[in-house]
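Next input, structure requested:
(one chain, ligands or ions: 1)
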Amino acid sequence: MSDTGLIVRIAAKGDGVTADGRHMPLSAPGDRIAEDGALIHGPEHVEPPCRHFPECGGCQLQHVGDDAYARYVSDRVAGALAGQGVAAGTVLPAHVSPPETRRRASLRAMRMGKHVVLGFAEEGSHRIVDMEMCCILHPRLFVLVAPLRGLLGSMIAERSAAHVRMSLTDQGVDLLLEGVTAEGLAAREALTEFARAHGLARLTLDDGYGPQACWEPEPVTVSFGGVAVAFPPYAFLQATADGEAVLADAVRPAVEGVAAFADLFCGLGTFALTLGAGKAVYAAEAGRDLVLALKASAGRSGRKLAADHRDLFRRPLSPDELNRFGAIILDPPRAGAREQAAQLARSKVPVIGYISCNPGSFARDAVTLIEGGYRLESVKPVGQFRWSTHVELAGIFRR
Ligand SMILES: C[S@@+](CC[C@H](N)C(=O)[O-])C[C@H]1O[C@@H](n2cnc3c(N)ncnc32)[C@H](O)[C@@H]1O
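Numbering: from 1, shown residues only. Sure thing, here's the model as predicted:
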């Protein structure tokens, strides 16, 4: 057989691709497309660990072995940089989060007659795959799936969709139920009994008229660098604890020996607090509830931290503001930080630690920074969303 049908890599959206550019869904590097179109599995094609794969929308690449998946994570980063003509000094080995470590998830629920279907939504459709097992969710989240079906049976209208959003916090699981109606005393008692029986940290109900707390025996927090921050229901949290630690470690060299740094797009202060002990930190973020939570906890902890409610797309820090800091950390949303990168390119800041959830917008912003005189010293590819096509990274730029 010729090598023309050999799958040589995985494309960004998860299809295997041959050297001559043919795409094959659900194939792995080393597989072959036979002349009749059948797929012959190679040594890196593995048995998917979950019985719901590939119908469930949670994972796209469970049929790919661990080494091939780590290469995919690295290649996504290297490919995005090469596509923009960006050279990185060092591409560090990819980190991939282990199975069953995802500490934050948004599931869909729908009632079909007496049964509540609960799971991730199937890729590209509104069909929900009823989850009986899950290889990515933290067991403390997964253990709630079956009991939630029972609870929600009388609280969701027939065929109307609801969302179950779960986060693992310092106090346990924080549960936000959206599109769920609990009318009357019995329904309210069922909710609090559920929260008590399952040791929830908090249960919040949003029936379409805004979130109402139903259960929160003690204030719910997440901790960064030993500082507990009040956690708004389903606020942003890095997807896994190990992923968060790897991203922080990857940009740590940027703030070493620096007296003052800024953390832009800071969320609840993940990097500001993890990296900021003993330093003066300015943290900026557009989410008002996140900024207020960070401000209050930093004040109580005695950290030297100023938290600013600021839209960094419309009002990025100017070169004069940036030049007050020895380093800048930034972690923008998927769109990247086009406006802030343009200001950084005109600044004199010696070092930038850029964390990104989108290799494409990172590479675009890298071009701006390099044109402004920075060099990309290192990048660390991170697969926090194991078995998915969602790839993250952290890079260090110096001038
Ligand atoms: C990928 S999250 C990172 C949050 C934080 N660094 C962390 O690791 O937990 C991106 C953050 O950017 C914030 N954000 C989105 N658009 C923004 C804007 N225009 N200006 C400032 N912050 C924004 C979001 O609210 C979110 O907290």
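
Double-check residue 304 against residue 282; I have them as touching.
No. Shown here, residue 304 and residue 282 do not form a contact pair, counting by CB atoms under 8 Å, at 9.8 Å. Heads up, the C-betas are built off the backbone N, CA and C, glycines and all.

When the two are compared, which one has more neighbours?
More neighbours surround residue 282 than the other of residue 304 and residue 282, with 22 against 14 (other CB atoms under 10 Å).

ok so the more buried one is a strand residue?
Yes. Assessed by DSSP: H, G, I helix; E, B strand; the rest coil, residue 282 belongs to a strand.

residues near the residue in the chain that the ligand sits nearest to, how many?
The nearest approach of the chain to the ligand comes at residue 267, 2.8 Å away (CB to the nearest ligand atom). Look at residue 267: counted by other CB under 10 Å, it has 22 neighbours.

OK, contacts around it?
Applying CB atoms under 8 Å, 6 or more residues apart in numbering to residue 267 gives the contacts 235, 236, 285, 287, 290, 331.

Drop anything exposed from those residues.
Buried members of the contacts of residue 267, scored by 16 or more other CB atoms under 10 Å, are 235, 236, 285, 287, 290, 331.

For the residues you listed, give me TSV that also has distance to the ligand and pLDDT.
What follows is the buried ones among the contacts of residue 267, written out as TSV (distance: CB to the nearest ligand atom, whole Å; pLDDT from 0 to 100):
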residue	distance to the ligand	pLDDT
235	8	98
236	5	97
285	5	98
287	4	98
290	6	98
331	4	98
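
residue ranges with poor pLDDT in the chain?
Applying pLDDT under 70 to the chain picks out residues 1-2, 122-124.

Kindly recompute the last result at 80.
The chain contains residues with pLDDT under 80 at 1-4, 122-126, 159-161.

what domains does the record give for it?
Split into domains by automatic domain parsing, the chain comes to 1-45, 72-98+237-398, 104-219.

Can you say which of those domains is packed in most?
domain 72-98+237-398 (a mean of 20; mean count of other CB atoms under 10 Å).

helix/strand/coil for the closest residue to residue 305 other than its chain neighbours?
Among residues not flanking residue 305 along the chain, residue 298 sits closest, at 3.8 Å (CB to CB, 6 or more residues apart in numbering). What three-state DSSP gives for residue 298 is helix.

quick one: residue 298 from residue 266, how far?
Residue 298 is 11 Å from residue 266, where distance means CB to CB, to the nearest Å.

Need the overlap of contacts for those two.
By CB under 8 Å, 6+ apart, residue 298 and residue 266 have these common neighbours: 272, 307.

Identify the residues contacting the closest residue to residue 269 other than its chain neighbours.
With CB to CB, 6+ apart as the criterion, residue 269 has its nearest non-adjacent residue at 4.2 Å, and that residue is residue 294. Neighbouring residues of residue 294 by CB under 8 Å, 6+ apart: 229, 266, 268, 269, 272, 273, 283, 285, 305, 307.

One more pass at 6 Å, please.
By CB atoms under 6 Å, 6 or more residues apart in numbering, the contact list for residue 294 reads 229, 268, 269, 307.

Check residue 306 too.
Residues in contact with residue 306 (CB under 6 Å, 6+ apart) are residue 282.

Just to be sure, it is in a helix?
No. Counting by three-state DSSP, residue 306 falls outside a helix, being strand.

which residues pair with it across the strands?
Counting by DSSP bridges, residue 306 forms beta bridges with residue 282.

Out of the contacts of residue 267, list just those in strands.
When those are checked against strands (DSSP state E), the matches are residue 285.

Next to the ligand, which bits of the chain? Give me the list.
Residues of the chain lying near the ligand by CB under 6 Å from any ligand atom: 236, 238, 265-268, 270-271, 285-287, 290, 311-313, 331-333, 357.

I'm done for today, thanks for sticking with me.
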